[in-house]
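Asks: sharing a model prediction with you, sequence too.
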Amino acid sequence: MSSSPVPRRTAWLLIAGGFAGLAAGVGFGVTLTTGLVFVGLLGGLAYALGVSGLAERKWIALPAFALGLVAPFLLTFGGHSVLMQRIGHVEHCTITQAEEHPFAKYPSVDYVLACPSGEVELSRDWDDRLAIMEADVLVGSPLRPVFADNARWNLVPVTSVPLAMTLLVPVARALRKAP
């Protein structure tokens, strides 16, 4: 059974729709909730299908799908961290409520903190729970607040994935033209 080539228009629509879905998922993921990274994942997969169809070569599918799967997570979590480092400011907050979940599948603690800019709700893994009733929080509207002591991401790995995704498209286009 032979597979027919993907029409060029369909491949370009998948690539464009993939980038749009990725941007929407990441944008909503850093502002509303990380659960919306799923939208970015669908966009990354659409991008990968489009690049694979545009190239009409099987070997390009692996890097396209690897980038499509990694990009939503890296851009959501790493991008959020980098943006908070750039536009966020540290506020010293007091814990008003802590709800512990030690026997859950993933033990955690949910905190409600009173900050100068308003009330903030944050969660932390059980092993990283706070020992005192105060914490520093990075706040920067419209982004979701985070604890100030969380791991910091670097701008280079965060920007390298979308750059690699963008550069893979002309490679796929050139491969389609090659005999």
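Replies: Sure, I can see it.
Asks: what ranges does the protein have for its helices?
Replies: 8-31, 37-55, 61-73, 79-87, 155-177 (DSSP state H).
Asks: can you lay out those helices as JSON lines showing distance to E100, mean neighbour count and mean pLDDT?
Replies: (C-beta placed from N, C-alpha, C; glycine too.) Below are these laid out as JSON lines (distance: least, CB to CB, whole Å; neighbours: other CB atoms under 10 Å; pLDDT from 0 to 100):
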{"stretch": "helix 8-31", "distance to E100": "27", "mean neighbour count": "18", "mean pLDDT": "85"}
{"stretch": "helix 37-55", "distance to E100": "26", "mean neighbour count": "23", "mean pLDDT": "86"}
{"stretch": "helix 61-73", "distance to E100": "28", "mean neighbour count": "19", "mean pLDDT": "88"}
{"stretch": "helix 79-87", "distance to E100": "25", "mean neighbour count": "18", "mean pLDDT": "84"}
{"stretch": "helix 155-177", "distance to E100": "33", "mean neighbour count": "15", "mean pLDDT": "87"}
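Asks: compare these and give me the one nearest L113.
Replies: Among the helices of the chain, the nearest to L113 by CB to CB is helix 79-87 (15.8 Å).
Asks: extract the CA atoms of that closest one and return them as PDB.
Replies: The C-alpha coordinates for helix 79-87 follow below in PDB (Å, rounded to 0.1, in the frame of the first residue of the first chain):
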ATOM      1  CA  GLY A  79       8.800  30.900  29.300                       C
ATOM      2  CA  HIS A  80       6.800  31.600  32.500                       C
ATOM      3  CA  SER A  81       9.900  31.500  34.600                       C
ATOM      4  CA  VAL A  82      11.900  33.800  32.200                       C
ATOM      5  CA  LEU A  83       9.000  36.300  32.000                       C
ATOM      6  CA  MET A  84       8.500  36.400  35.700                       C
ATOM      7  CA  GLN A  85      12.300  37.100  36.100                       C
ATOM      8  CA  ARG A  86      11.900  40.000  33.700                       C
ATOM      9  CA  ILE A  87       8.600  41.600  34.600                       C
END
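Asks: nothing else from me, thank you.
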